[in-house]
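*Asks:* here is a sequence with its predicted model. Questions after.
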Amino acid sequence: MDKKSLLVVGGSGFIGSHLVERGLSLGWSVTSLGLKKASLGKKENKNFINFSVDLNDKKALTNKIKERHFDYIINCGGYIDHRSFLEGGEQVFNTHFQGLLNLISSLETSKIKKFINIGSSDEYGSSLAPQKEDLREQPISPYSLAKVTSSHLLRFLNISDNFPSTTLRLFLVYGPNQDKKRFIPNTILGCLRNKSFPCSSGGQLRDFCYIEDIVDAIFLALNSSKVDGEILNIASGEASKIRDVIEEIHSLVGRGSPKFGEIPLRAGENLELYADISKAKELLNWQPKINLTEGLKLTIESYRGHYD
């Protein structure tokens with residue numbers, strides 16, 4: 001039997017690195033593609049290929065992958081950036097949407113079994129919670145507009161060309177090895193360092209899902225023809241108040257001093273952003289296994305001794 005081949009775009013990032021590890025653990029041939037080369041730490045693996053390339057450099061991208069065959073592609077490239085259009089947002093839009101166009105046009109698409117694009121809860125904008133996939137999107141930034149445009153492009157390609165694509169809209173993902181500037185690691189580190197650190201008022205409701213549950217859902221989607229052409233929310237399906245999450249981290253760590261109300265809300269920020277995950281449960285037979293408290297404990301432990 002031929003070994004399954006997986007391309008992870010953004011394989012050096014938080015989600016991408018976990019996807020690389022999962023693919024290799026299954027014995028697949030895994031290629032990581034991104035601005036930075038992915039790291040396996042001290043481990044070496046003959047099934048792992050590592051490329052560094054900018055998706056917006058179509059010529060360089062094509063030269064890297066034009067003669068390579070991939071059964072599965074997961075695109076989690078790009079970065080979260082809420083700048084307005086006039087403050088650099090055009091570049092944000094191009095990085096996500098033009099990068100996707102370049103990627104698809106550089107691939108040998110006829111043999112692809114599944115193309116997973118990682119979407120975002122930001123696509124829902126100010127829509128009422130719980131957000132469901134059939135809501136009309138209301139993007140509020142170039143980043144969320146690029147994600148919405150990508151979702152519709154892939155749905156169109158599935159209809160017009162039978163392209164086996166699926167968009168998975170992730171809400172707030174957390175876990176070990178996340179960028180330290182993100183909300184949960186930043187809060188954990190503030191507490192571990194026993195510092196005072198600024199927070200918003202904390203009244204927002206958000207949906208947090210642990211990284212291993214996210215990876216489970218993505219790999220189920222890779223192997224399911226039921227979700228071709230679909231958009232699915234992948235999240236916990238539970239609303240958590242930001243202040244409660246901060247206070248739980250503070251309690252679990254046992255030190256630190258969060259200062260509520262010192263960070264203003266973003267313009268247009270939706271105060272209630274949490275998912276309806278019934279579609280993912282039905283089509284993927286998936287639901288999260290790790291609750292927020294357990295996930296926070298695992299994440300805190302991963303940072304102990306590594307927070308200087």
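*Replies:* Nice, thanks for sending it over.
*Asks:* what are the phi and psi angles of residue 289?
*Replies:* When read as degrees, to the nearest 10, the backbone of residue 289 gives phi -110, psi -20.
*Asks:* and residue 99, by the same measure?
*Replies:* phi -60, psi -40.
*Asks:* any idea of the pLDDT on it?
*Replies:* Here the pLDDT value assigned to residue 99 is 92.
*Asks:* can I assume residue 268 sits in a helix?
*Replies:* No - counting by DSSP: H, G, I helix; E, B strand; the rest coil, residue 268 is located in no helix; its state is coil.
*Asks:* that one and residue 140 touch, don't they?
*Replies:* Yes - using C-beta atoms under 8 Å, residue 268 is in contact with residue 140, at 4.4 Å. C-beta: built from backbone N, CA, C; applies to glycine.
*Asks:* give me the common contacts of the two.
*Replies:* Contact criterion C-beta atoms under 8 Å, 6 or more residues apart in numbering; residues shared by residue 268 and residue 140: 125-126.
*Asks:* and for residue 129, the neighbour number?
*Replies:* Neighbours of residue 129 under the rule other C-beta atoms under 10 Å: 18.
*Asks:* make that residue 280, sorry
*Replies:* Residue 280: 26 neighbours (other C-beta under 10 Å).
*Asks:* wait, is it part of a helix?
*Replies:* Yes - applying three-state DSSP, one finds residue 280 inside a helix.
*Asks:* give me the pLDDT value at it.
*Replies:* Reported pLDDT at residue 280 in the predicted model: 98.
*Asks:* which ones are touching it?
*Replies:* Contacts for residue 280 were tallied using C-beta under 8 Å, 6+ apart; they are 217, 232-234, 286-287.
*Asks:* what does residue 116 give?
*Replies:* 72-75, 165-168, 218, 221-222.
*Asks:* hey, where'd the strands end up in the stretch 1-150 of the chain?
*Replies:* Assigned by DSSP state E, counting those that start in this stretch, the strands in the stretch 1-150 of the chain fall at 5-9, 29-34, 48-52, 72-75, 114-120.
*Asks:* okay, the angle between the first one and strand 29-34?
*Replies:* Note on geometry: by axes from the mean of the first three to the mean of the last three C-alpha atoms, to 10 degrees, strand 5-9 and strand 29-34 are set 20 degrees apart in direction.
*Asks:* just checking, what packs against strand 5-9?
*Replies:* Packing partners of strand 5-9 (3 or more C-beta pairs under 8 Å, 6 or more residues apart in numbering; DSSP states H and E): helix 14-25, strand 29-34, strand 72-75.
*Asks:* can you add mean pLDDT and give these back as TSV?
*Replies:* As requested, the helices and strands packed on strand 5-9 are exported to TSV (pLDDT from 0 to 100):
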stretch	mean pLDDT
helix 14-25	96
strand 29-34	93
strand 72-75	97
